[in-house]
Structures are given as C-alpha cells and as structure tokens.
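Asks: Build me a structure from this.
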Amino acid sequence: MKKLTLLAIESSCDDTSVAILQDGKVLSNCVASQDAHRIYGGVVPELASRAHLENIIPTVSLALQKANKTRQDLDAIAVTRGPGLLGSLIVGVTFAKSMALALDLPLIEVNHMQAHVLAHFAEPPYPNFPFLCLTVSGGHTQIVLVKDHLDMEVLGSTIDDAAGEAFDKTGKLLGLDYPAGPIIDKLAKQGEARFTFTKPRVGELEFSFSGLKTNILQFLKKEVAKNPNFVKDNLADICASVQHTIVDILIEKLEIAARKHHISEVAIAGGVSANSGLRSALQTKGTALGWSTYIPAFQFCTDNAAMIAVAAKYKFEKGEFSDQGMKPITRWSI
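Replies: Below is the predicted model of the structure:
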C-alpha cells in the first residue's frame with residue numbers, strides 16, 4: 001500500500017517553511033528565516049511578502065531534496081490559509097494552488113492555529129483526548145480544548161495583546177534586538193525575578209497584556225529617572241521579572257481551565273512554548289497537580305510547515321479538500 005506523502009507550505013508571517021510528511025513521519029522541515037525585520041524592531045508586512053516570493057521556490061526544492069522525494073511522489077499539497085499577514089499568505093496560497101493544479105493533486109487548506117496544536121502529533125509522545133493546549137505566540141494567546149484532531153474549542157483568549165508581543169515590546173523598551181523573546185529568556189536565566197509587575201484583572205480564562213506593558217514602561221521611566229544606568233545595571237533581573245510575570249499569568253489561567261474542565265492532559269504550543277521559563281513552569285505545575293504534560297520539540301514550536309503537514313494528514317484522511325477558488329483569511333478562529 002502506497003504511503004501518503006504530503007508537501008506543506010507555511011507563509012503566514014515572516015518565515016517561509018516547507019515540509020514533507022510521509023505516513024505521518026516528518027521527512028524534512030525547512031525554514032527560510034527573514035532577518036530584515038530586526039532593523040525595524042518588528043515584522044514589516046511588505047518586506048515579508050517580498051522575501052516569501054524569493055524564498056519559496058528554493059525552500060520547496062530543498063525540502064524535497066532533504067526528504068529524498070520528487071514531485072511525482074506527492075499525493076497532496078497543503079498550505080496555511082490563515083490567520084496571518086495577507087501579503088505573506090497570498091504568496092504561499094498562490095504557490096500551493098499553482099503546484100496542486102500543475103501536478104493534478106488535491107489541495108488542502110490548514111488553519112495555522114489549529115496546526116500549532118497538532119504539532120504535538122509530529123512525533124511521540126502524543127497527548128490523549130481530550131486535552132488542553134495553551135497556544136502562545138506573537139499574535140495569539142489562547143487556551144484550547146482539544147476533543148479530537150480536528151475538533152477544537154477555544155475556551156479563552158487574549159482581549160488585546162498576545163504574550164509574544166509583551167516579550168517583544170518589552171525587549172524594545174530595554175533596547176534588545178528583535179525578536180526579543182529568546183533574548184529575554186537567555187538573560188532571565190542569569191537574573192533574579194525581584195521586581196513585581198501587574199497582573200490583569202480580566203475574565204476567568206481571558207488574557208490581557210496591554211496593562212503589563214504599560215506597567216513595565218512606567219516602571220522603567222521611574223527607575224531611569226533616578227538612575228540613568230538602571231536598565232544596564234539590572235538588565236538580567238528585569239528580564240527575569242518580566243518573564244516570571246508573563247509565565248505566571250499563563251500558567252494560572254491554564255490551571256483554572258484544567259480544574260474547571262476536569263482535564264489532566266495538558267500541552268503548550270506556539271512560538272512562546274520554546275521559552276524555557278514556560279516549559280519549566282508547566283512541568284513543575286504538572287508534577288504538583290498530577291498532569292500529563294506535553295511540550296513540542298523546538299523545531300515544532302515556532303512557525304513551521306511540519307505542523308501544517310500534520311494537520312493536513314488528518315484532513316486528507318477525512319477527505320476535506322479545497323478548490324482553486326480558495327483565498328487567504330487574515331483572521332480565522334479555530
């Protein structure tokens with residue numbers, strides 16, 4: 001029996017990624033990152049879409065080469081339809097539609113946020129259903145009740161900024177490079193969480209990080225007024241304190257959701273799931289409360305096409321295909 005072989009494309013933001021999945025196994029997961037945005041302290045949509053145009057053909061070729069496959073081996077083409085930046089999505093969707101048409105293959109659209117959750121099925125151990133997944137990235141923060149591979153319910157999400165934005169914008173205040181999340185994580189390991197920041201008072205399972213960002217800004221202004229070298233002298237401790245606060249907010253909400261829904265299978269996903277503080281806090285909380293915890297490998301945390309391929313596999317098995325009229329969706333809930 002022929003093994004199902006999928007090629008998946010992810011281009012929702014500033015990374016062009018292509019993966020090959022065969023019989024549920026990731027054979028290649030190639031990512032072309034864009035460094036230009038570092039200069040501006042954030043993603044510039046026009047630059048991102050132009051870079052996708054330059055990167056997509058070489059990345060597709062590399063993914064096929066690393067997987068030791070050719071176009072003739074493929075059974076379907078999968079692509080992120082949304083959510084994401086419109087210009088970036090257009091590049092990936094247009095290329096995927098063209099490739100599927102040229103090779104006479106089925107086309108599968110994938111929800112980027114659903115794929116983040118399903119990254120947990122890229123390699124074992126796999127969570128048991130139902131499970132909770134805290135999905136945290138630069139643009140999203142949400143707690144998802146996962147009933148089956150393609151049956152998910154968002155229990156709570158951010159009402160303003162996402163946790164990833166809080167890391168990056170704090171980094172900008174501290175004069176750190178973009179993306180600041182990994183830098184703050186590294187510095188936090190060298191510091192002590194001795195500064196206290198505000199936690200939002202919002203709905204039971206909702207998140208808010210705009211107030212925290214304002215609190216950090218006001219704190220820095222006050223301390224720098226007293227000591228112009230405050231940030232430089234206390235950088236590691238500031239990073240440790242900010243990270244500790246954000247992680248506490250995330251884990252507290254996750255614990256509320258787990259208790260409310262009587263679930264002990266708990267996972268994290270998304271770019272911020274690569275944060276060492278969050279990973280450690282989940283494991284510690286899991287041990288204390290008897291949870292079975294699941295954390296994806298680093299290559300499946302940030303935006304990547306392997307998770308798109310995994311999601312597409314389950315859609316292929318259910319016969320959920322798209323047609324050539326499919327268009328990108330910038331806002332698309334699970």
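
Asks: any idea which helix or strand carries residue 244?
Replies: Taking DSSP states H and E as the definition, residue 244 sits inside helix 230-261.

Asks: Model confidence for the residue nearest to residue 60 when sequence neighbours are not counted, exactly?
Replies: Closest residue to residue 60 apart from its sequence neighbours, by CB to CB, 6 or more residues apart in numbering: residue 18 at 5.0 Å. Any C-beta I mention is one placed from the backbone N, CA and C, and that applies to glycine too. At residue 18, the pLDDT value in this model is 98.

Asks: Just say helix, strand or coil for residue 18.
Replies: The three-state label given to residue 18 by DSSP: H, G, I helix; E, B strand; the rest coil is strand.

Asks: what's the span of stretch 106-123, first residue to last?
Replies: The first residue of stretch 106-123 is 25 Å away from its last residue (CA to CA, to the nearest Å).

Asks: pLDDT averaged over that stretch - what is it?
Replies: Stretch 106-123 shows a mean pLDDT of 98.

Asks: where are the low-confidence patches of the stretch 201-334 of the chain?
Replies: Counting by pLDDT under 70, not a single residue of the stretch 201-334 of the chain qualifies.

Asks: residue ranges for the strands of it, please.
Replies: Remark: strands assigned in the stretch 201-334 of the chain by DSSP state E, counting those that start in this stretch are 265-269, 292-294.

Asks: Highest mean neighbour count out of those strands?
Replies: The highest average neighbour count among those, using mean count of other CB atoms under 10 Å, belongs to strand 265-269 at a mean of 24.

Asks: Report the distance from it to the chain centre.
Replies: Centroid separation between strand 265-269 and its chain, computed with CA atoms, centre = their mean, to the nearest Å, is 13 Å.

Asks: what does that strand rub up against?
Replies: Counting by CB atoms under 8 Å, 6 or more residues apart in numbering, the neighbours of strand 265-269 from elsewhere in the structure are 116-117, 119-120, 127-136, 146, 254, 258, 278-279, 282, 286, 291-296, 301.

Asks: Enumerate every residue touching the residue nearest to the spatial centre of the chain.
Replies: Closest to where the C-alpha atoms of the chain average out (CA atoms, centre = their mean) is residue 270, at 2.7 Å. For residue 270, the residues meeting the contact criterion (CB under 8 Å, 6+ apart) are 116, 135-137, 140, 164, 301.

Asks: Now do the domain split for this structure, please.
Replies: As recorded under automatic domain parsing, the domains making up the chain are 5-118+301-317, 125-296.

Asks: Need the pLDDT of the closest residue in space to residue 243 that isn't next to it in sequence.
Replies: Using CB to CB, 6+ apart and skipping residues adjacent in sequence, the residue nearest residue 243 is residue 188, 4.3 Å away. Reading off the per-residue confidence, residue 188 sits at a pLDDT of 98.

Asks: doesn't residue 245 make contact with residue 188?
Replies: No. The criterion here is CB atoms under 8 Å, and residue 188 misses it with residue 245 at 11.0 Å.

Asks: next structured bit after the one helix or strand residue 31 maps to?
Replies: For residue 31, the enclosing helix or strand under DSSP H and E is strand 25-32. Using DSSP H and E, the helix or strand that follows strand 25-32 in sequence is helix 45-67.

Asks: for that following helix, which positions count as buried?
Replies: Neighbour counts over helix 45-67 (16 or more other CB atoms under 10 Å) mark 47-53, 55-56, 59-60, 62-64, 67 as buried.

Asks: Contacts for stretch 46-54, please.
Replies: Taking CB under 8 Å, 6+ apart as the rule, stretch 46-54 contacts 11, 13-14, 16, 32, 34, 36-37, 85, 87-88, 90-92.

Asks: Equivalent analysis for stretch 16-23, please.
Replies: If you take CB under 8 Å, 6+ apart as the criterion, stretch 16-23 is touched by 3-11, 26-32, 34, 51-52, 55-56, 59-60, 62-64, 66-67, 69, 92, 303-306, 308-310, 312-313.

Asks: List buried members of these by neighbour count.
Replies: In those, the ones that pass as buried (16+ other CB under 10 Å) are 4-11, 26-32, 34, 51-52, 55-56, 59-60, 62-64, 67, 69, 92, 303-306, 308-310, 312-313.
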